[in-house]
Every structure is written in structure tokens, then in C-alpha cells.
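coords please:
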Amino acid sequence: MTTDDLTGGGREVVVTQARSHTERGILRRWAEEQHPGSAVVGIGPNGEVPSALGEALHGDDTVIVPARVAWVTPEPEDGGPVRKLTGLATSAVMRMAWSPLHPSMARHRPDAARVVAGEPATVADLVSRFVAQESGRPGSNGFTRFVARQAVLACDRAERRILGDRYKVPRRMVEQITSSARFPALVERLAHQTGSPATEVEQRLESCLHEMAAVQSPPAIDLFRAMMGPMHAKAWDVQVDESGLERLRELNKEHALVFLPSHRSYADPLLFAEVLHDRNFPRNHVLGGNNLSFWPMGSLGRRAGIVFIRRTFGGDTVYKAAIQEYLGHLLAKRFNLEWYIEGGRSRTGKLRKPRIGLLRYLVSALEERPELDAVLVPVSIVYDQLHEVGAMAAEQRGGQKKAEGLGWLYGYFRDQRRHIGTARVRFAEPFALRRALDDAGPGRAQLEKVAFRVCAGINRVTPATATSLATFALLWAQDRALTLQQVREVVAPLADYLEARGIPVPIAELRTRHGLRMTLDRLAEAGVVSVYDGGTEPVFAVSTGRHHVAAFYRNGALHHLLNRAMLEIALLRVGDAAPDEDIVEVAWRELARLRDLLKFEFFFSTRREFRAEIIGELDLVDPEWRTRAADPADVRGVLRQAPLLVAPGVLRSFLDAQLVVADRLVALGEEPMAEEKEFLEDCLGVGRQMLLQQRLDRADSVSRELYATAVRQAGNRDLLGEPESGAAGASLGERRAAWLTEVTAVIQDLGRLGELQRARLEVVLGSGGTTAPEAAPASPVVPPSGAKQRAEGDTGVAS
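Numbering: from 1, shown residues only. The predicted structure is shown next:
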């Protein structure tokens with residue numbers, strides 16, 4: 001709409017926003033040319049409202065024309081990371097230049113200074129908006145401030161037409177929230193809940209909003225990108241699901257998007273922001289912990305869209321209300337959100353249990369705004385390698401996490417200078433939050449079901465990388481070194497299986513000797529793999545003390561192999577079934593038992609979907625299973641003839657961790673578990689001992705995070721509390737021993753499957769050049785009292 005459409009004989013007022021005398025001159029000349037005879041009223045660069053603006057707002061047909069100067073610089077050209085970052089820094093300096101530099105900039109780059117005019121509006125239209133949005137009174141100081149805010153927002157929208165949607169930024173959000181019609185009612189409700197005076201609650205609420213609200217600006221965004229670019233620009237090439245992004249672009253025209261990526265690296269939000277910026281998406285409001293708000297990251301990050309949230313705020317009702325109101329306001333203004341649903345970086349390489357606190361506040365915000373909805377977007381970000389994974393692996397072995405600060409930031413920048421492969425960004429099917437809540441149904445588990453749906457979506461689109469499959473092969477071989485050909489022979493059936501499932505695999509890096517050798521060489525350069533080339537040909541093995549790092553990469557693909565692994569165990573137990581047992585019933589019973597045992601380690605589909613997935617797996621294992629006789633001997637034959645068996649490589653680490661926790665609980669007898677931190681330290685010590693005694697199968701099972709998850713499993717089974725709690729008729733000690741027996745039995749099954757797989761690949765492992773000596777065999781399983789010895793010669797773990 002133009003001013004010609006609005007004037008109809010009314011006068012015009014040009015409301016300008018100038019930071020310097022130079023900008024005021026540019027705007028005055030523009031007003032004289034474009035709107036001759038209009039009044040020109042300036043508001044301050046930070047939104048200060050002069051009295052002259054209030055005096056100019058009379059006459060319903062008076063037209064308000066907002067305008068400001070935008071310093072436009074060309075986008076940095078492609079030409080390598082250094083050239084791009086230099087261009088970003090130049091752009092940022094021009095956009096946020098100190099006002100005394102404006103005369104020089106106007107002389108030397110007159111084309112950079114462009115006047116942007118916002119959508120004009122009549123005073124009558126502004127009055128109606130003011131009354132509707134803030135229940136205000138026309139002619140008041142509140143109306144004058146409202147007009148100033150609308151002028152700023154109108155110029156923002158006009159500026160985005162020049163700079164692109166990537167520079168859609170919020171303006172004076174706290175003032176918009178506190179001046180809204182909702183705010184007095186919120187203050188009154190909180191005063192009633194807390195018993196505090198309304199004036200005190202209002203001050204605290206406003207303070208909390210100022211603490212968390214991001215104050216974005218295009219110059220700050222460019223400067224932040226220039227400063228933080230070295231944290232990701234050199235380390236990885238980036239592959240993006242372009243078709244998924246285009247689908248999201250269409251959705252974003254009508255709905256706010258809530259991006260929920262997986263979290264493996266500190267670089268995740270930086271890399272993801274660059275992906276969106278390069279494709280002209282508006283910048284997300286990224287919700288993160290205030291542990292990263294140290295200078296200079298804190299002050300600059302806040303101006304680039306990071307919302308720093310307190311990591312703990314207990315029962316602070318006012319702070320919780322501030323988060324909820326802020327999120328609701330962002331959704332209402334259709335600003336996109338982003339947070340990492342795991343809460344923190346994965347220490348094991350697979351998705352952690354989702355944290356639902358922020359999701360709960362988002363849902364509460366929607367409940368108070370029935371006209372709004374949000375679209376949740378699960379995002380997978382996966383890397384060939386990470387520089388920081390060594391530090392995370394050390395934490396799993398019992399080391400302390402290094403506090404973030406300037407020293408940490410310098411070290412991180414230094415490490416990121418080396419190129420280490422590809423980062424892949426993929427988008428799962430987005431879904432509307434309100435519909436997802438309805439599908440989940442009412443009850444305490446509603447939000448968990450929605451969060452699990454997000455995590456299942458992330459897993460579904462996470463690709464299998466060459467790094468994950470190569471480390472799977474080397475960890476499967478344990479401490480035995482493999483030639484390049486032997487690694488290929490182990491990886492090839494894995495790649496075949498994943499391709500048959502429709503899961504993307506990097507063909508060039510896995511199917512060719514050159515590609516696989518490059519993958520192993522990159523792992524060797526990072527110290528994850530050792531290479532011995534003093535014999536007839538090079539051999540590869542996981543480096544000493546680096547099993548947790550290798551497991552981090554392997555674990556990124558385990559969710560694709562989980563159903564196959566569970567089916568293998570179920571088929572093994574079917575093969576042991578008595579002649580009079582219904583083997584179909586045996587299979588589903590064992591699958592249900594395994595699903596319950598692993599429900600805190602992995603994300604499962606609904607039971608109906610899971611059943612269909614298992615049948616699909618069975619089609620891959622034995623395409624003729626429907627025509628075979630239901631005989632246990634036939635099932636044993638299917639397992640012997642399968643091209644690969646993955647269960648030991650997929651599940652052994654997690655079952656070993658459960659074994660250690662169950663063992664320590666059994667040692668407590670009827671006593672309750674001590675404080676969790678102390679108990680986990682005990683598990684780490686005993687786990688190291690059991691590994692040295694070869695009672696555990698692999699080093700990566702000695703992990704604080706795996707033990708913490710096993711403790712959650714024990715808690716779910718009511719094995720942590722007082723002796724009188726739990727099932728009637730069974731003491732706490734008896735129930736703990738029963739869990740230990742169950743875990744030991746599964747480990748025995750994994751040992752039997754491992755023997756089958758080793759026998760199948762003995763030709764591979766015994767050929768292809770000289771190999772390092774094979775590790776000593778694991779000691780035979782000595783099951784706890786009452787455990788059933790499933791077969792002679794089983795290998796596994798004893799408690």
C-alpha cells in the first residue's frame with residue numbers, strides 16, 4: 001500500500017530513525033523528494049520517543065510514514081573460509097559503524113546508504129491496532145510509544161526486502177510484552193501464586209525477560225558469524241537436505257518453526273545457523289544454557305539470537321512464567337525457535353533421553369493462545385569426526401568436564417583449524433504440535449510421547465557414515481588388527497543391509513579400497529585408529545585407550561541396526577524352544593522382554609509399528625520364512641546362513657554396563673542405593689576391574705553415561721529404594737538378583753551369536769596378510785545362582 005492510497009487529503013508525517021547527522025540529512029532530503037510538504041519527526045536510534053511525535057498524532061486521516069537508512073554491503077563472495085570471514089567482518093563493521101564514520105562512508109560508498117520506508121498507516125488504523133493489542137487509550141503516552149514501535153517494525157520489514165529474510169530480527173520485545181493487554185493479568189496471577197506484592201512481581205518479571213530476551217541486529221549477526229566462523233568453517237564440508245528445507249520454507253510462511261536438532265558438538269548451533277543463513281531463512285532464536293554466556297560470547301551471542309536460559313531455576317515461579325510468556329510472544333510474532341532436545345551434547349554418540357522442560361513451557365504458551373500452533377522440525381546433524389569427542393570420552397571414563405571460558409574457547413578454535421570430513425544436516429518430517437499432543441493423548445506421558453516422536457524422527461533421517469561403519473568393524477574385531485581387505489569384508493555386508501533398508505550410506509567411502517583407506521587414515525590422523533605398516537601390508541586397530549572415541553562414532557549408526565540385533569536374539573531363543581512350544585509366541589515374548597530391557601537405551605516405535613518393523617527385518621533375514629515349517633531347527637539354520645549377525649556389536653556394551661550396575665546392586669543386598677554420584681564412581685571402579693579380568697567384553701562399556709542409564713533402568717524396576725518397596729512377595733535383594741540373571745542370560749546369547757559370526761568370518765580374519773595376535777578369549781560365563789546355562793561353551797560375562 002502506498003501513501004497515495006491513504007492520504008485522501010490528509011497530511012503526512014515521516015517518522016525517521018537516524019543514528020547520526022549524516023543519516024538525518026539523507027532522510028530529510030529523501031522526505032523532501034518523496035513526500036514534499038510532510039512533517040519530519042525523528043525518534044532515537046534506541047527507540048527514544050520525542051514529545052513532537054505525540055503532538056503530530058492528531059487527525060484520523062494523518063498518514064505515518066516510517067523511514068530509516070540501511071547501510072547495505074554485498075554478500076561476501078565464495079572464495080574459501082578466510083575470504084568469506086573477511087567479507088563478513090567488513091560487512092559487520094559497515095552496518096554497525098560508529099556514527100562519526102558515516103560522513104566518510106557516505107562519500108566513499110554513497111551506494112551503500114539506502115533509505116528504506118516502512119508500510120505507511122493512518123492514525124486511525126494505528127489507534128485500532130493499539131486498542132486491540134494493548135487495550136490502550138488513544139492520545140496517551142502509551143499510544144505514542146506504540147506508534148514508535150510500529151515504525152521500527154515497519155522499517156525492519158522493509159529492510160528485510162533488501163537484506164533478505166535472514167535478517168528478520170525482533171525489536172524491543174520486552175517492551176512489547178510488558179505493554180500488552182495480557183501482562184497485567186499475568187502479574188496479578190503470579191502475585192496471587194507467590195504471595196508477593198504485584199509491583200514486586202512486575203519488576204521481577206520484567207527483569208527476567210530482560211535477562212533472557214535476545215536483542216538481534218543485522219550488524220551483530222554478521223559480526224558474530226565472522227567471529228564464530230572458525231569454529232566450523234574449516235573443519236567440515238557441509239551437505240544439506242535441500243528438498244527438506246524447501247518444504248520448511250513453505251510451512252514457515254504460515255507457521256513458526258521449532259527446530260529440534262540432535263546435539264553432538266558445540267559447533268552445532270553455529271553450523272546450523274550458517275546453513276539457514278545461506279538459504280535466506282530467518283535467524284532462529286536459539287535457546288541455550290547460560291554456561292556459555294561468558295564474555296565475549298555472551299554479549300555478542302545475545303545480539304545474534306541466542307537466548308541464554310538459567311541451567312537451574314528450581315521453584316522460581318516468576319522465571320518460569322517469563323520463559324513461557326517469552327516463547328508464546330515469539331510464536332505469536334512467528335519467530336522461529338531452536339533448541340537441543342537432548343539438553344546437552346551426546347557423550348556416547350547416540351541420542352540421549354529428551355529433556356521436556358522447554359517443550360512443557362511451549363505447550364503451556366499454546367494453551368493460553370488457542371489461535372496459535374507451532375511446527376516441530378526434528379533435525380539430524382551428524383559429523384564424520386569431531387575434535388571434541390576425545391574430551392567427552394574422557395568424561396565417560398570418569399574425568400571431569402572442563403569449564404567453559406576464554407581459555408576453553410581459545411583451545412576449541414585452535415583444534416577446529418584442521419579439516420576432518422563432512423557434516424550432514426537432514427530434516428525429518430515436520431509435524432504440528434497441537435496435532436501431536438492430540439495423537440499422544442492425555443496423561444503424564446503426553447509430552448514424553450511427543451519428545452520421543454521427535455527423537456525417532458531424528459534417528460530415522462540420520463545417515464550411516466563411513467566412520468561409523470569402519471569403527472563398528474574395528475570394535476567388533478576387539479583388539480585384533482585387520483587388513484584393509486578384512487575391514488572391507490566386515491563392512492560390505494553392513495552396507496548391503498543398510499542399503500536394502502533404504503538407509504543412505506556413503507558408497508564411494510565404503511565400496512572402494514581408496515575411499516575406505518581414506519576413512520581409516522582420517523581416523524588414524526585423529527588418533528582413534530592405529531596403523532602398523534612394518535609387515536607385508538598395513539593393519540588397522542582401535543588405538544589403545546581410544547575405544548570410547550571409536551564407540552562414539554559407531555553408536556551413531558546403531559539405531560539402524562537395533563531391530564536386526566533384537567531379532568537375532570529372539571531367533572536364537574526360538575531355536576532353543578521345546579518341540580511343544582509355539583515358536584511365534586516365543587519370538588514375540590522374547591522381543592518384548594528385550595524391548596523392556598533396552599527401553600532406556602534406545603527409542604522404539606509404537607508397538608504396532610515395531611511389529612511391522614520386525615516382520616520387515618525377518619523378510620531381509622529369510623525371504624522365504626512364510627513358507628517354511630515352524631520348526632526350531634529351521635530357525636537355527638536361518639541364523640547360520642545369515643550374511644551377517646550384528647547383535648554382539650550393537651548391544652554388548654549396553655548389556656555389559658547393565659551387568660555392572662546389577663552386580664553392584666546385588667552386592668548391596670537389601671540396602672538402598674547410595675547417592676547416585678557415589679554409586680556411579682563405584683561402578684566405574686568395578687567396571688575397570690571386571691574389564692581387566694576379561695569379565696567384560698569391551699572397554700567402551702566402562703562408561704559413566706551408560707551406568708547412569710542403567711541406574712534409570714533399575715529405578716524403573718524399583719530396584720533402588722527401601723527394602724519394603726516393590727512387588728509383594730519378592731524382597732529387594734531377590735528382585736535385584738533376578739535382573740542380574742536376566743541380563744546375564746542375554747549376554748550369554750550375545751556370546752553365542754558372536755561365536756557364530758566369528759566362525760563365519762574366520763576365513764576373512766585369517767587371511768589377507770599378517771594380523772596382530774588375537775586377544776585372549778573371554779572367560780566362560782559363570783551365571784549367578786538360578787541362572788540357566790543355555791549352552792555348553794557359551795562365552796560372555798560373569799558377575
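
and the longest helix for the chain?
helix 732-760 (DSSP state H).

could I get the buried residue list for it?
Neighbour counts over helix 732-760 (16 or more other CB atoms under 10 Å) mark 732-733, 735-758, 760 as buried. Using the backbone N, CA and C atoms, a C-beta is placed for each residue, glycine as well.

so G298 touches A304, yeah?
No - using CB atoms under 8 Å, G298 is not in contact with A304, being 10.9 Å away.

out of the two, which sits in the busier spot?
A304 (26 against 14; other CB atoms under 10 Å).

that one in helix, strand or coil?
The three-state label given to A304 by DSSP: H, G, I helix; E, B strand; the rest coil is coil.

for it, give me its contacts.
A304 sits next to A214, Q216, A220, I221, L223, F224, R225, R283 when contact means CB atoms under 8 Å, 6 or more residues apart in numbering.

how many other residues sit next to the closest residue in space to it that isn't next to it in sequence?
Distances taken as CB to CB, 6 or more residues apart in numbering put F224 closest to A304, at 3.6 Å, once the chain neighbours are dropped. Close neighbours of F224, defined as other CB under 10 Å, add up to 25.

tell me the phi and psi of F224?
Main-chain dihedrals, F224, degrees, to the nearest 10: phi -60, psi -40.

can you give me the helices in the stretch 251-400 of the chain?
268-278, 297-302, 317-332, 357-367, 389-396 (DSSP state H, counting those that start in this stretch).

need the contacts of A304 in TSV with secondary structure, can you?
Output for the contacts of A304, formatted as TSV (three-state DSSP):
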residue	secondary structure
A214	coil
Q216	coil
A220	helix
I221	helix
L223	helix
F224	helix
R225	helix
R283	coil
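
any quick ChimeraX command for the buried ones out of those residues?
Filtering those down to the buried ones (16+ other CB under 10 Å) takes a single ChimeraX command:
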select :214,216,220,221,223,224,225,283
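
export the contacts of A304 to JSON lines and tack on pLDDT and distance to N459?
Listed next are the contacts of A304 as JSON lines, based on pLDDT from 0 to 100; distance: CB to CB, whole Å:
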{"residue": "A214", "pLDDT": "83", "distance to N459": "30"}
{"residue": "Q216", "pLDDT": "73", "distance to N459": "32"}
{"residue": "A220", "pLDDT": "74", "distance to N459": "35"}
{"residue": "I221", "pLDDT": "77", "distance to N459": "32"}
{"residue": "L223", "pLDDT": "75", "distance to N459": "36"}
{"residue": "F224", "pLDDT": "81", "distance to N459": "31"}
{"residue": "R225", "pLDDT": "79", "distance to N459": "30"}
{"residue": "R283", "pLDDT": "87", "distance to N459": "27"}
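
which residue is the nearest non-sequential neighbour of Q713?
F600 (4.9 Å).

then I177?
Leaving out its chain neighbours, the residue that sits closest to I177 by CB to CB, 6+ apart is H329, at 5.3 Å.

that neighbour: how many residues sit nearby?
H329: 21 surrounding residues under other CB under 10 Å.

verify the stated contact: it with V174.
No - in this structure, H329 is not within contact of V174 by CB under 8 Å, at 9.4 Å.

mind splitting the protein into its structural domains?
As given by automatic domain parsing, the domain ranges for the chain are 3-163, 214-461, 466-556, 559-641, 647-765.

contacting residues around the residue nearest to A304?
Here F224 is in contact with L300, G301, R303, A304 (criterion: CB under 8 Å, 6+ apart).

got phi/psi on the residue nearest the centre of the chain?
With distances taken as CA atoms, centre = their mean, the residue of the chain nearest its centroid is S262 (2.4 Å). For S262, the backbone dihedrals are phi -70, psi 160 (criterion: degrees, to the nearest 10).

ok, the closest residue to it other than its chain neighbours to S346 distance?
Distances taken as CB to CB, 6+ apart put I458 closest to S262, at 5.1 Å, once the chain neighbours are dropped. Per CB to CB, to the nearest Å, I458 is found 11 Å from S346.

ok, now W625?
36 Å.

which one's more surrounded, those two?
Set side by side, W625 and S346 show more neighbours around S346, with 20 against 15, by other CB under 10 Å.

pLDDT score assigned to that one?
As predicted, S346 sits at a pLDDT of 89.

so it makes contact with D268?
No - look at S346 against D268 with CB under 8 Å: they stay out of range, at 10.5 Å.

overlap in contacts, the two.
S262.

do you know how far D496 is from P430?
To P430, D496 is 31 Å away according to CB to CB.

run a quick neighbour tally on L327.
The tally of other residues near L327 (other CB under 10 Å) stands at 26.

list the residues that contact it.
By CB under 8 Å, 6+ apart, the residues touching L327 are L337, L358, Y361, L362, A365.

setting the sequence-adjacent residues aside, check what's closest to the second one.
Okay, so that is L358. Distances taken as CB to CB, 6+ apart put W339 closest to L358, at 5.5 Å, once the chain neighbours are dropped.

was I right to think the one you found contacts N284?
No - counting by CB under 8 Å, W339 stays clear of N284, with 9.2 Å between them.

okay, how far is it across stretch 716-735, tip to tip?
End-to-end distance of stretch 716-735 (CA to CA, to the nearest Å): 12 Å.

kindly report the same for stretch 14-28.
Criterion CA to CA; first-to-last residue distance in stretch 14-28 is 9 Å.

could you give the mean pLDDT of it?
The model assigns stretch 14-28 a mean pLDDT of 89.

where does the stretch 51-200 of the chain have low pLDDT?
In the prediction, the stretch 51-200 of the chain carries residues with pLDDT under 70 at positions 73-99, 135-137, 139, 163-171.

where exactly do the helices run in it?
Ranges of helices in the stretch 51-200 of the chain, per DSSP H, counting those that start in this stretch, are 51-56, 81-95, 102-108, 123-134, 141-163, 173-178, 182-194, 198-212.

can I get those in a markdown table with distance to V635?
Shown next, in a markdown table, are those (distance: least, CB to CB, whole Å):
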| stretch | distance to V635 |
| --- | --- |
| helix 51-56 | 83 |
| helix 81-95 | 56 |
| helix 102-108 | 78 |
| helix 123-134 | 68 |
| helix 141-163 | 63 |
| helix 173-178 | 63 |
| helix 182-194 | 61 |
| helix 198-212 | 58 |
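
count of residues packed around the closest residue to V116 other than its chain neighbours?
In space, and not counting its chain neighbours, V116 is closest to A158: 4.3 Å by CB to CB, 6+ apart. Using other CB under 10 Å, A158 is surrounded by 18 other residues.

please tell me how far A158 sits from V69.
Applying CB to CB, the value for A158 to V69 is 12 Å.
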